[in-house]
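> The following comprises the amino acid sequence and a computationally predicted model.
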Amino acid sequence: MPQGKFSRFHDVNRWAVEPQDERPARPDGRCFYCDEPIGGKHKKTCVIPSRIVRVKFSVEVEVTAPLAEGFDDDWVNHHYNESSWCGSNLISLLEQVEQESDGCLCSVVSAKVVDNGRGSDVQ
């Protein structure tokens, strides 16, 4: 998978152990997670080396639609997918749902990996 815009913000495919991999809980010149020394290489089981994973988030919420004749499922689909309705409007809708759900969207959001990014791993 080609690296996208997020790769510049993350240490994608970084296997070298660097000073920031040490943690205050154990300042001993080693990776906190895999115990390899700074300057060495992270173990394959270490959580520090990362990859970009593409995830599809799905949201299911209730919206209103006209009761009038002709405003069927096709009209609703057209309204949200092909008309002037902007996907950015979803943000305010989700904020409203969040307020009505005690600050949690877990009941309306699900996620599924669509590209696991394994093609970009350094072996």
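Nice, thanks for sending it over.
> So what does the closest residue to residue 115 other than its chain neighbours look like in phi/psi?
The shortest distance from residue 115 to any non-neighbouring residue, by C-beta to C-beta, 6 or more residues apart in numbering, is to residue 54 (3.9 Å). (C-beta placed from N, C-alpha, C; glycine too.) Taking degrees, to the nearest 10, you get phi -90, psi 120 for the backbone angles of residue 54.
> Same question for residue 110.
Per degrees, to the nearest 10, the backbone of residue 110 is at phi -140, psi 160.
> Per-residue pLDDT of it, please?
In this model, residue 110 is scored at 97, pLDDT.
> Equivalent analysis for the one 3 residues further on, please.
On pLDDT, residue 113 comes in at 92.
> ok, it to residue 55 distance?
According to C-beta to C-beta, to the nearest Å, residue 113 stands 6 Å off from residue 55.
> Residue 75 too?
Taking C-beta to C-beta, one finds residue 75 at 30 Å from residue 55.
> Likewise for residue 118?
When residue 118 is compared with residue 55 (using C-beta to C-beta), they lie 14 Å apart.
> swap in residue 41?
According to C-beta to C-beta, residue 41 and residue 55 sit 28 Å apart.
> cool, and residue 87?
Residue 87 is 17 Å from residue 55, by C-beta to C-beta.
> Next: residue 71.
Distance from residue 71 to residue 55, by C-beta to C-beta: 33 Å.
> Please report phi then psi for residue 21.
Torsion angles, degrees, to the nearest 10, at residue 21: phi -80, psi -10.
> List the buried residues of the longest helix along the chain.
Ranked by residue count under DSSP state H, the longest helix found in the chain is helix 89-100. Buried positions in helix 89-100, judged by neighbour count with 16 or more other C-beta atoms under 10 Å: 94, 97.
> Over to residue 55: give its phi and psi.
phi -120, psi 130.
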